[in-house]
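**Q** let me see the structure of the following:
(chains A and B)
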Amino acid sequence: MEDTLEIGGKRIACRLFVGTGKYSSHAVMREVLLAAGADVVTVALRRVDGSVKTENILDYVPQSCTVMINTSGARNAEEAIRIARLARAAGAGNWIKVEVIADSRYLLPDNMETLKATEILVREGFVVFPYMSPDLSMARRMADCGASAVMPLGSPIGTNRGLRTEELVDIMIREISVPIVVDAGLGKPSDACRCMEMGCAAVMVNTAIAVSRNPVEFARAFSMAVKAGRLAWRSGLPEIAGGARASSPLTGFLRDTE
Amino acid sequence: MSFYDVFCRYRNSEWEAVLAAVSGADIERALQREFLDFSDFLALLSPEAERYLEPMAQRARELTLRYFGRAIQLYAPIYVSDYCENACLYCSFSARNQRERKRLSLEEVDREAKCIAETGLRHILMLTGESKKMSPVGYLRDCTRVLKRRFSSVAVEVYALSEGDYAELVSEGVDGLTLYQETYDEDLYRIIHPSGRKRDFRFRLEAPERGAAARMRQVNIGALLGLADWRQDVLFVGLHARYLQEQFPDVEIGASVPRLRPFVGSFQGSCRVSDKNMVQIILALRLFIPRLGIALSTREDSRFRDNLIPLGITRMSAGSATSVGGYTKAAGQNEGLPQFEIADSRTIPEIMARLREKGYEPVLNDWIAGL
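**A** Below is the predicted model:
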């Protein structure tokens, strides 16, 4: 049975979104995207330079991928909006990951500015994916104003710490009407699998793959883990019991006396 | 409160004794910690830490990959004027050197810019000698306007300005500021800056925070290594960088690690900084501030630069000319005075090829023109 994610009028088969920063070369990045079977790829507009004839990162993104431009470098809503507009004007499409970071030490997102940018960009017809610190109220506001999905962080960018925000993400999955895509901090395929088992719509991974010893194989592993987690969630995970369930129950004798 | 207040708190400490008292256990503890405090940084800069360079390097590499990946941003300096009113003992531009000076016309700036931009670089660092009279803010503004036509990012390395002056440059499109304190030894600072506006230690020390307050995106600081005891200078570079990062969380803070190079003059500095010392400096800075941008100029030779890359470097100048008009000078034509001797004279394509061989991606454009 087909199990696709529908966002912004597109059907997405691969629920592993892949980032394009930090690779040793554009060629390796391309191999990673192919190995992952990625359908959605984020690219920082600040790394795109159409005026340089020799190298353009977008030339290395497979045609089949949907490019989601991220607003990396934006320190406030106004800058994120300008980056989104520049991206669209440059022909990079209208899928935007809103990333507003005003914290150079931990790189944590500014939810308030992200919400402001989301509101405006949705009104301007962008398909908007806000990257956020997991917060139910903010996620609700983002969804209410038309975000196509929300992207809570699993742990701070680049840390590979995994899903440290599990409790909050779990609440968001249950309460928010738009897809939840866990972004940032996932370090192992098992982290991605866990997100999918919980019911996330997709996950987004960059650093863990880009800086691994074998990025291509690691991307493949992540892709498989996402599929496994998704399949498990759809199949219905067995409930975790609070205690042991004896195969010879203590009240079994009642059956003999009836 | 400014960084000068922080500086005053630490300036009279007996650093030599403190550094000598560091034990192996102190260093091992620092290596185990996720977030290092100042005493950890101090431990990593101690003489004892020279025995721990390899584990420090392993950790530094891991942190650099985590936060910056395998990308090295390249940039080029453009010297637009070498007029200078200071008499710094360690610099070729010093007003004491009776040499012909030069300031580029805007047409010449554009010709130089075109020459650099044709290599594909999109990050430029505009430098002048320190003469507010000969390269006033209005001139810097005009130059910025010319450079913005060809580059995504224009940073300045000029004399210390007021916050208002920095704001004026920011409004014209300057997004980065580089300013070296040269040395944090206030007494030595006065000796090696015998005259000129640069003699004002505090005005210079507080300039990076004025730049940050004026909404510069990137602020890069440093000491000219070799002028004074390098361990003490680097301690203050780290303190300064962390202060700026805490006060201006939305500004990218960077540090440079320039070593004193041959120049026109004879001042030798009081402290030799060996290659091994340089490695320790870069590693300690990376471990203390994992998100710190670390820039390496062509003052260092190609072999050494290549070896430093995995240890924490995130930005490198490439294909540099350190004299006014240095990119477009015709053969045999008199060029301006180089500020220092270049040790890595490889072309940009050569540096890019080497980076790729080492498994790194040279990044020519990391900012958005017009933002």
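**Q** next up, the contacts around the closest residue to A:Ser64 other than its chain neighbours.
**A** Among residues not flanking A:Ser64 along the chain, A:Asp39 sits closest, at 7.2 Å (Cβ to Cβ, 6 or more residues apart in numbering or on different chains). For the C-beta atoms, the positions are set from N, CA and C on the backbone; glycine is no exception. A:Asp39 sits next to A:12-14, A:64-66 when contact means Cβ atoms under 8 Å, 6 or more residues apart in numbering or on different chains.
**Q** nearest to A:Gly185 among the residues you listed?
**A** A:Cys14 (20.2 Å; Cβ to Cβ).
**Q** tell me which parts of chain B are close to chain A?
**A** Neighbours of chain A within chain B, by Cβ under 8 Å from any Cβ of the partner chain: B:65-71, B:120, B:122, B:152, B:217, B:245-246, B:249-253, B:291, B:356, B:359-361, B:363-368, B:370-371.
**Q** in strands, which of those fall?
**A** B:71, B:252-253, B:361, B:363 (DSSP state E).
**Q** before we move on, the earlier item: from the contacts of A:Asp39, pick the one nearest chain B.
**A** For those, the closest approach to chain B (Cβ to the nearest Cβ) belongs to A:Cys65, at 19.2 Å.
**Q** verify the contact between the closest one and A:Gly37 for me.
**A** No - using Cβ atoms under 8 Å, A:Cys65 is not in contact with A:Gly37; the gap is 9.9 Å.
**Q** now the residues of chain B next to chain A: which count as buried?
**A** With neighbours counted by 16 or more other Cβ atoms under 10 Å in any protein chain shown, the residues of chain B next to chain A contain buried members at B:65-71, B:120, B:122, B:152, B:217, B:245, B:249, B:251-253, B:291, B:360-361, B:363-368, B:371.
**Q** what does chain A put close to chain B?
**A** A:21-26, A:45-49, A:51-55, A:73, A:75, A:79, A:82-83, A:86, A:101-105, A:107, A:158-160, A:207, A:210-211.
**Q** in PyMOL, select just the buried ones from these.
**A** Burial among the residues of chain A next to chain B is assessed by 16+ other Cβ under 10 Å; the matching PyMOL selection reads:
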select buried, chain A and resi 21+22+23+24+25+26+45+46+47+48+49+55+73+75+79+82+83+86+101+102+104+105+107+158+159+160+207+210+211
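**Q** narrow the residues of chain A next to chain B to those in helices?
**A** Secondary structure from DSSP state H places A:26, A:79, A:82-83, A:86, A:207, A:210 of the residues of chain A next to chain B in helices.
**Q** coming back round to it: of the contacts of A:Asp39, select the buried ones using a ChimeraX command.
**A** A single ChimeraX command selects the buried members of the contacts of A:Asp39 (16+ other Cβ under 10 Å):
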select /A:12,14,65,66
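**Q** which member of the contacts of A:Asp39 is positioned nearest A:Met224?
**A** Closest to A:Met224 out of the contacts of A:Asp39 is A:Cys14 (11.2 Å), distances taken as Cβ to Cβ.
**Q** host element of the closest one?
**A** Assigned by DSSP states H and E, A:Cys14 falls within no helix or strand.
**Q** hang on, it packs against A:Ala36?
**A** Yes - taking contacts as Cβ under 8 Å, A:Cys14 lies within contact range of A:Ala36: 6.9 Å.
**Q** tell me where chain B has strands.
**A** Under DSSP E, chain B gives strands at B:71-81, B:123-128, B:153-157, B:174-182, B:218-223, B:252-256, B:293-296, B:315-317, B:361-363.
**Q** now distance to A:Arg164 and mean pLDDT too, for these, in TSV please.
**A** Formatted as TSV, these follow (distance: least, Cβ to Cβ, whole Å; pLDDT from 0 to 100):
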stretch	distance to A:Arg164	mean pLDDT
strand B:71-81	26	92
strand B:123-128	35	94
strand B:153-157	34	95
strand B:174-182	33	95
strand B:218-223	30	96
strand B:252-256	25	95
strand B:293-296	26	94
strand B:315-317	31	91
strand B:361-363	29	89
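**Q** got TSV for the ones you listed, with distance to A:Lys188 too?
**A** Shown next, in TSV, are the strands of chain B (distance: least, Cβ to Cβ, whole Å):
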stretch	distance to A:Lys188
strand B:71-81	23
strand B:123-128	35
strand B:153-157	36
strand B:174-182	36
strand B:218-223	33
strand B:252-256	29
strand B:293-296	28
strand B:315-317	31
strand B:361-363	24
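**Q** B:Arg202 is nearest to which of those?
**A** Comparing the strands of chain B by Cβ to Cβ, strand B:174-182 comes nearest, at 10.6 Å.
**Q** now the angle from that closest one to strand B:123-128?
**A** Relative orientation of strand B:174-182 and strand B:123-128, computed by axes from the mean of the first three to the mean of the last three Cα atoms, to 10 degrees: 50 degrees.
**Q** not counting its own residues, what contacts strand B:174-182?
**A** By Cβ under 8 Å, 6+ apart, strand B:174-182 touches B:88, B:90, B:125, B:140, B:144, B:153-157, B:160, B:166, B:189, B:192-193, B:204-205, B:207-208, B:211-212, B:216-224, B:227, B:236-237, B:240, B:256, B:258, B:367.
**Q** could you redo the last one with a cut-off of 7 Å?
**A** B:125, B:144, B:153-157, B:160, B:166, B:189, B:204-205, B:207-208, B:211, B:216-224, B:227, B:256, B:258, B:367 (Cβ atoms under 7 Å, 6 or more residues apart in numbering or on different chains).
**Q** strand partners of that strand, parallel vs antiparallel please.
**A** strand B:153-157 (parallel), strand B:218-223 (parallel) (DSSP bridges).
**Q** just how off-centre is the shortest one within its chain?
**A** The gap between where strand B:153-157 is centred and where its chain is centred comes out at 12 Å by Cα atoms, centre = their mean, to the nearest Å.
**Q** quick check: longest helix of the chain.
**A** Looking at chain A here, since you left the chain open. helix A:215-235.
**Q** that was the other one, I meant chain B.
**A** Every helix in chain B considered (DSSP H), the longest is helix B:230-247.
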